[in-house]
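Student: Following is a predicted model, sequence given first.
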Amino acid sequence: MERTDPPVFFVSYARDDAKHTKYRDALQKFVSDLSAKVAFDMGISPEGVSFMDGDIDAGEVWSDRLRDALMQCQVGLTLYTPRYFNRPWCGREFQIFLDRRRPGSGGTGIIPVRWGDKFPNQPECAAQIQNESKKFPRQYAQIGMLQLMRLRLNRSYELTLNALAERIVEEAKAGHLEPLKSLDINAVKSAWEEASAKNPQSHTQGSYSKTCFVFISREGLQWAPYEGNPIGALALTISGDLKLKYEEIECNNKLVHKLQEANASDVPVVLFGDPETLSNETCIETYAEPMRQYDTQYLLNCATLMAWEPGTKDAIETDKRWIYLKTKVFKQKVENPPPYHELRSIFSQGDLDQKTRTLIESIRSRLMKQPVAPRKAEDCAMSQSAAAVGINIESLPHLEGSNQ
């Protein structure tokens, strides 16, 4: 039998969910097993039945193969995890599937998979797509596909695999996704951004299960305070690592009002400040003025971090930008420092990463009214998942590696 072209299904997933070797191996096995099952059911060669890109990531150029697969695949298989709905790249792939839906076909061509053990909150565009079926075993609905594999619940895994393969074949034969003749990659917006834009109160929703970010820089989320590390990518990575939803709040004359609303709704907000932008006379109205208004507020849901170049560490007090900021922008917060503010203590990527994580956790802990506790090892989550399906947790194997 010849290679399948175009692929029957395209696997859309968050790359960070497969960074660790054991998670990547599990994902590859799942896709391989599912491809074999779909190929058998359709009577075609397993080669090329699925497309899963393992190299592309946020900020990189989409490969021709990935673009062609997105334009021509018959079904979109989306692996739902908290990180999936935090990644603009995943949102772009999802949006392409939405744009390809054939009008009046009665289906979507999109098949969600409960990949992780915690089924995440979804934007409306994803929540409206059917992800449940009586053909799925109870264990799959409780702990997701990854845990079925890792706990070696072979019968439940096979039943779920068969149910997913059956749906893929049905969707492919129905032709719910219309092939595209061309695709302007740069014009594609993330479905998650579109969902937030349509909901002006989205920054008030989710409570401490999410974090909003404000990028106070002329370069926006592409600002790289330290070489090769855009601030937007840092925010996305940290959100995903902490299993939190991500949302950006624009820095404009409505910023303070939105921060107040987020505070009233117990939503943590992190503000990243660029000293160069905030001290530049041409940026006063757009960036410095909203920060002056913010300076008059005492909002315990907010953390503010200013990222300084490493060379300014020993001369920060005489730096003209700092003098401007402490006298013209953050006068009250310098004279009476509130918690969760790091205005002159960040001089490296490591500082920025570590303090951002610490402040988010501190704010969330306060909002949840409980002390900050160290994160437990991955085997604890495994134990809880096993207990949920009646497995003796004392018999679980020891798992090594960080929580990805």
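Tutor: Arrived safely.
Student: Dump the C-alpha coordinates for the helix or strand where F10 lies into CSV.
Tutor: For F10, the enclosing helix or strand under DSSP states H and E is strand 9-12. Extracted C-alpha coordinates of strand 9-12, given in CSV (Å, rounded to 0.1, in the frame of the first residue of the first chain):
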residue,chain,number,x,y,z
PHE,A,9,-5.2,13.3,11.0
PHE,A,10,-3.0,16.1,12.3
VAL,A,11,-1.9,16.0,15.9
SER,A,12,-2.1,19.4,17.5
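Student: Quick one: mean pLDDT for it?
Tutor: Strand 9-12 comes out with an average pLDDT of 97.
Student: Follow the chain on from that strand and name the next helix or strand.
Tutor: Downstream of strand 9-12, the first helix or strand assigned by DSSP H and E is helix 21-42.
Student: end to end, how far does stretch 130-146 reach?
Tutor: 20 Å (C-alpha to C-alpha, to the nearest Å).
Student: who touches it?
Tutor: 23, 26-27, 30, 80, 112-119, 148, 151, 153, 155-157, 159-160, 162-163, 166-167, 385, 388-389 (C-beta atoms under 8 Å, 6 or more residues apart in numbering). Any C-beta I mention is one placed from the backbone N, CA and C, and that applies to glycine too.
Student: Likewise for stretch 251-269?
Tutor: For stretch 251-269, using C-beta under 8 Å, 6+ apart, the contacting residues are 201, 203-208, 210-216, 249, 286-287, 289-290, 293-294, 297, 299-303, 360, 363-364, 367.
Student: How far does that stretch sit from its chain's centre?
Tutor: Stretch 251-269 sits 21 Å away from the centroid of its parent chain (C-alpha atoms, centre = their mean, to the nearest Å).
Student: likewise stretch 346-356?
Tutor: Worked out by C-alpha atoms, centre = their mean, stretch 346-356 lies 20 Å from the chain centre.
Student: cool, stretch 20-28 as well?
Tutor: The mean C-alpha position of stretch 20-28 is separated from the chain mean by 19 Å, C-alpha atoms, centre = their mean.
Student: export it as PDB, just CAs?
Tutor: Provided in PDB are the C-alpha atoms of stretch 20-28 (Å, rounded to 0.1, in the frame of the first residue of the first chain):
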ATOM      1  CA  HIS A  20      10.500  15.200  29.000                       C
ATOM      2  CA  THR A  21      11.600  11.900  27.500                       C
ATOM      3  CA  LYS A  22       9.000   9.700  29.200                       C
ATOM      4  CA  TYR A  23       6.200  12.100  28.100                       C
ATOM      5  CA  ARG A  24       7.500  12.300  24.600                       C
ATOM      6  CA  ASP A  25       7.800   8.600  24.300                       C
ATOM      7  CA  ALA A  26       4.200   8.100  25.500                       C
ATOM      8  CA  LEU A  27       3.000  10.600  23.000                       C
ATOM      9  CA  GLN A  28       4.800   9.000  20.100                       C
END
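Student: for the record, mean pLDDT for that stretch?
Tutor: Averaged over stretch 20-28, pLDDT sits at 92.
Student: For that stretch, list every residue counted as buried.
Tutor: Judged by neighbour count using 16 or more other C-beta atoms under 10 Å, the buried positions of stretch 20-28 are 23, 26-27.
Student: now stretch 267-280
Tutor: Residues 267-280 are the ones in stretch 267-280 that count as buried (16+ other C-beta under 10 Å).
Student: what does stretch 91-105 give?
Tutor: For stretch 91-105, the neighbour count (16+ other C-beta under 10 Å) marks 91-98, 100-101 as buried.
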